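1. could you look at this predicted model? Sequence included:
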Amino acid sequence: MRTQEHIPVRLQDYRPYPFSMSHVSLVFDLHPTRTIVTSRLIIDRKPHEWAKGEALSLDGVGLELLSVEINGQPVSAQDYQLDENGLTLKIVPDSFKLETKVAINPAANTALSGLYMSAGRFCTQCEAEGFRHITFWPDRPDVMSRFHVRVEAAESAFPTLLSNGNRVAIGRYDDGKHWAAWDDPHPKPSYLFALVAGCFDTLEDQFVTRSGKTVELCIYVDKGAASRAIYAMDALKRSMKWDEDVFGREYDLDVFNIVAVSDFNFGAMENKGLNIFNSALLLADETTATDADYEAIEAVVAHEYFHNWSGNRVTCRDWFQLSLKEGFTVFRDQEFSADQRSRAVKRIKDVKALRARQFPEDAGPLAHPVRPKSYVKIDNFYTATIYEKGAEIIRVLQTLVGRDAFLEGANFYFAENDGTAATIEDWLHAMRSATGNQLHGIERWYDQAGTPCLEAMSDYDAANQKLTVHFKQSTPDTPGQSSKSWVPLPISMAFFGPDGEPLKLHLADTDVAADDWLIPMASTSLDLHFDGVVDRPVVSYMRGFSAPVRLITNHNVADLALLASCDTDPFVRWESTQSIARNTLLSAAKSLQAGQEPQVPEDLARVFQGALAEATRDPAFAALLLRLPEVSELMQLQPLCDPSNLLSARAFVRSLLAEQLDAELSACFAIYDPAQAFSASAQAAGQRALMAACLDLLCASGTNRAAMRAENTFFSARNMTDMMSALDGLSQFGGPRYHTALAAFKERFSDNALVMDKWFRVQAMALCEDPLATFKRLRADPGFTLLNPNRVRALGGTFASGNPTAFHQADGAGYQAIADLIADVDGTNGALAARLGTVFESCSRVNEPRQSLAKQTLQALLDRNSLSANTREILSKIYNGLIS
Ligand code: B3K
Ligand code: ZN
């Protein structure tokens, strides 16, 4: 295997840049295959001893250098050094003007980083290191400049010319070209630069800030798609208002523009004043988008908008601090969504996502701290750990200091660091200063990888009416890190009596008595003693999921059932239901493995019955209760598992539940009226989610009646959510009904790429027929393309993570199919291929011969000399984590 590795960048090597670049003027003469970029920089050496005599090093990759001038004088080739990473001028004055002219080819840029073409339009993506593909520049977040940008292009093909900030001038040339000049008054790093040119329809609106300034809002979309941006526009205005109301943050430019593009490596980008979005996260109407799409659009529009403060006004000193902006901004968007919708449902969904994506990352070969110590390709570190675990740390902090103090601390952070490139220390310093809470040990959350495990054991002494609760925390070893220390854990808890009523308990040897407790655990172990406890209480731990830990308790099934039905905390109710389901599924899997028919106790059916009985009170919550843990979640609980065994157990338990609860499920399903007028509200979405959960379980019965229900739902559906729920249901059966529905779907939506992504996804996840053969058929479908990231993810990503039994097929053919796809994608887009490569992470949890086969498959991929540095970094880490 090739062993040559790229040299990692290390946090400990950080050094400030020796020059400041106060102003930059950029001129883009746009042409799809030969764009000329002229950059004029005002440069000053920093007035520090360490900056003396330093060379000027500028990043630049794939640029054709046309000229370099200093103070108007051409610099000859012997006075600079040009290599594949950039341009170095060894001797430069202390203050000077530098002009460079380069040529680039946007049409050939399939990596979608820098300036590229999407559907005939120019667009950019510069985070993290895309700007170096545009011009020579110190492409690092701590170099901030004021940008003036002039964009020139043929007017007929590119009538709209956009960049960051405010538009300050426009004009026309005689040769059919026109131009626009944009000025961004806020100094920013290059990763926030953006440029768009093309032909669009627009949706326009306004927002008046709390200080009375009118901001012009505009969303640029494909011709004919403006009505599908209405929801996003509404979400934008709600976000602007929310950030004023909750965090006291006001918008700071005259315009806020958003552009939707169809070829984009991730969800969206927060460029100053000119957000660029993957159209999948912007365009929605009831006939083309599901409720999950609406929810994601609301969250991502808010997230990118919130970055205007947490990321743009205060940016990151270096990429090791990425969670400073991402973790904080995810926290902010989670809070926004919680306020717009149901807080309890939002929290459960966030925890589900954390467990599905971040926990496995933290427990596998790709585990890394929220602030990593080194990286090869920073693009590989836009991970669930940086984002979602980062957000959980912010939440831990908020819980420790209290909501009001936290908001004060955030305000102080913005005020102290406005206009600067900050660090996680700056954030913690602001929090400590503003709240007076020393937050002892909080840094460990940033520096230690791995999910902490919290053991909580309660011990009731009936004779002495005493309850002791023992807590013990530990964080497992992760690649390259061992011997970890405790982290500060806010433990939120309450107690319930045998009748399900909340209990007020008295902490022994104190005068404290309460029914709700928040214990800040700042040690490896902790014992709490309560006295005067008349009946054995059931302890409700980690209410609201008060810290991102794996919790182990000594609850028995009766305790869990009591919490599932009586806890006043919706998270713990859901969690207790899930625990019963997990135990049931794992024990069924064990029986099946031993060749026995599983004996399934009735607890789960009873809990589901309870959920169905009160489902109409909160349909969205009930829908969550009725979903069993996925195979991928069960895989995390069983070391070296056979995914097909887990799938069989899940299928067995589902069909049993479908049989036992047929009457209740059918009644609940029948309440839903598919003909009711559509509303995108959380409440209406909850009703649809409940119908979908019932249909899903009914389909597990495998009966003809259930198949007909799914079929009728499909053909009578008036919105995309119902249509997809029905298609999911039909996919459990396969056969003519399913294929007729798929054909009708394709016929109706073949001209809408975003909807066709759903067509690919539902088939890539389907368990019916031969999933691997389906995957191969879809790869050969004329609608499949390697050049569109959404399509690659819809097929490849969905198959490998959403169809675990097919991906982990015992003969290794699933691994091979995904490896072939990764190799092909890597040829055009290394960052996308690397992201796809992370699906192999789950191979560290499967049994033989799977793990060896996965290792062989990865070895063959790593043997390819042409593999990108992105993909090599991910795959070699996974390879090294697999059993030999
Ligand atoms: N900041 C961008 C992500 C950029 C990813 C670069 N590899 C979107 C976001 O998190 O808001
Ligand atoms: Zn972000």
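-> Ah, there it is. Numbers count the residues shown, from 1 in each chain. Ligands and ions are numbered 1, 2, ... in the order given.

2. quick one: which helix or strand includes the nearest residue to residue 781 once chain neighbours are set aside?
-> Nearest residue to residue 781 in three dimensions, chain neighbours excluded: residue 760, at 8.0 Å (CB to CB, 6 or more residues apart in numbering). All C-beta spots, glycine's among them, are computed from the backbone N, C-alpha and C. Here residue 760 sits within helix 753-765, counting by DSSP states H and E.

3. next SSE after that helix?
-> helix 771-779.

4. so residue 335 sits against residue 246, correct?
-> Yes: if you go by CB atoms under 8 Å, residue 335 and residue 246 touch, sitting 7.1 Å apart.

5. more neighbours: these two, which one.
-> Ranked by neighbour count (other CB atoms under 10 Å), residue 335 and residue 246 place residue 335 first, with 22 against 14.

6. ok so, going back, quick check, pLDDT for the residue nearest to residue 781.
-> Looking at residue 760, its pLDDT stands at 99.

7. burial of it, as a residue count?
-> For residue 760, using other CB under 10 Å, the count is 24.

8. for residue 256, same thing?
-> Residue 256: 22 neighbours (other CB under 10 Å).

9. one more: the one 5 residues further on?
-> Neighbours of residue 261 under the rule other CB under 10 Å: 27.

10. for this structure, longest helix please?
-> What stands out as the longest helix in the chain, according to DSSP state H, is helix 570-593.

11. now do the buried residues in that helix.
-> 570-581, 583-589, 592 (16 or more other CB atoms under 10 Å).

12. dump the residue contacts of the closest residue to residue 462 other than its chain neighbours.
-> Of all residues not flanking residue 462 in the chain, residue 536 sits nearest, at 6.8 Å (CB to CB, 6+ apart). Taking CB atoms under 8 Å, 6 or more residues apart in numbering as the contact definition, residue 536 lies against 460, 462, 467, 498.

13. please indicate which of the residues you listed are buried?
-> 460, 467.

14. show me the contacts of residue 536 that map onto strands.
-> 460, 467 (DSSP state E).

15. from the contacts of residue 536, pick the one nearest ligand 1.
-> residue 467 (44.8 Å; CB to the nearest ligand atom).

16. if the closest one is in a bridge, with which residues?
-> residue 460, residue 530 (DSSP bridges).

17. report the central residue of this structure.
-> Per CA atoms, centre = their mean, the C-alpha nearest to the average position across the chain is that of residue 384, at 6.0 Å.

18. so that residue touches residue 364, yeah?
-> No: assessed by CB under 8 Å, residue 384 is found out of contact with residue 364, at 11.4 Å.

19. show me what contacts residue 111?
-> Taking CB under 8 Å, 6+ apart, we find residue 111 in contact with 828-831.

20. and residue 330, how many neighbours?
-> 26.

21. please read the previous query as pertaining to residue 824.
-> Applying other CB under 10 Å, we find 14 other residues in the vicinity of residue 824.

22. and the residue of the stretch 51-200 of the chain closest to ligand 2?
-> residue 127 (8.9 Å; CB to the ion).

23. tell me the SS of that residue?
-> Counting by DSSP: H, G, I helix; E, B strand; the rest coil, the backbone at residue 127 sits in coil.

24. re the thing from before, the residue nearest to residue 781 is in contact with residue 793, isn't it?
-> No: here residue 760 lies out of contact with residue 793, judged by CB under 8 Å, at a distance of 9.4 Å.

25. using JSON lines, lay out the contacts of residue 111 together with distance to ligand 2.
-> Putting those into JSON lines (distance: CB to the ion, whole Å) gives the following:
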{"residue": "828", "distance to ligand 2": "25"}
{"residue": "829", "distance to ligand 2": "20"}
{"residue": "830", "distance to ligand 2": "21"}
{"residue": "831", "distance to ligand 2": "16"}
